[in-house]
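Peer 1: okay, sequence plus prediction incoming.
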Amino acid sequence: MSNKLEEISKTMKNNGMAELMDVMSNIYEETVVGKKNSTLPEVVFVEYFLDFFKSGMTTPDKDLKYAKWIELSGSPYNEVDIIDLDSKIIFTVPPLYAKPAIDPSIIDINFSNIGSTYIMKSNRLQTDADNYLNEKLQPVANKINDDSAAIVARWQEIFKRYTQPEVNTTKIEENVPYMSNILDDEIEY
């Protein structure tokens, strides 16, 4: 990251704002847009994480497994690619939490005025103030969406994969001799 900062500093000294914007755009493309999902071998997912996710993250060792998943994915909002023995992506595990998508038109709402009016109304009659606030904020709530339904559907497909008899995870385990060491604390993918 220090190389990136040096590049920004050098660009500002030598070339001005137009070049700086190009550099910043490149950094954004590399770090945000071009971010690749973490990968995890299927055998590790099945042996270590599948029951945890199927239980709704309520297994006795939930804190450890949650921490390991976040360490692997980088964030509960990131996806993880599950790969086979040939390092080909089999499926992608969705994020644990849906990112809210906010409609840009929400910017036009003056929250300061809503707050001020709410305070004035609450000094007179709390019920009127609550009704006013609900009336004003309901359109805001309607403009905040997430893709929870799609995420749930993706999880259901993953769980279905491992309840069908044709998936043979024993064969996978036999082909991965390092399975006993794969879940050590120091493993990186």
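Peer 2: Structure's in. What do you need? Keep in mind the model is a prediction, meaning the values are calculated, not measured. Numbers count the residues shown, from 1 in each chain.
Peer 1: which stretches of the chain have low pLDDT?
Peer 2: Applying pLDDT under 70 to the chain flags residues 1-35, 164-189.
Peer 1: any idea how it splits into domains?
Peer 2: With automatic domain parsing serving as the domain definition, the record reports that the chain contains domains spanning 1-35, 38-97+167-189, 101-144.
Peer 1: in this protein, which spans are helices?
Peer 2: Remark: helices assigned in the chain by DSSP state H are 2-15, 17-28, 42-44, 51-54, 62-73, 111-124, 126-142, 148-161, 169-174.
Peer 1: what comes into contact with the longest one?
Peer 2: I take that to be helix 126-142. 106, 109, 114, 117-119, 121-122 (Cβ atoms under 8 Å, 6 or more residues apart in numbering). Glycine gets a C-beta too; all of them are placed from N, C-alpha and C.
Peer 1: tell me the one of those residues nearest residue 40?
Peer 2: The closest of the contacts of helix 126-142 to residue 40 turns out to be residue 106 (Cβ to Cβ; 36.4 Å).
Peer 1: if I look at the closest one, how far off is residue 148?
Peer 2: Look at residue 106 and residue 148: by Cβ to Cβ, to the nearest Å, they are 19 Å apart.
Peer 1: ditto for residue 56
Peer 2: For residue 56, the distance to residue 148 equals 14 Å [Cβ to Cβ].
Peer 1: all good on my end, thank you.
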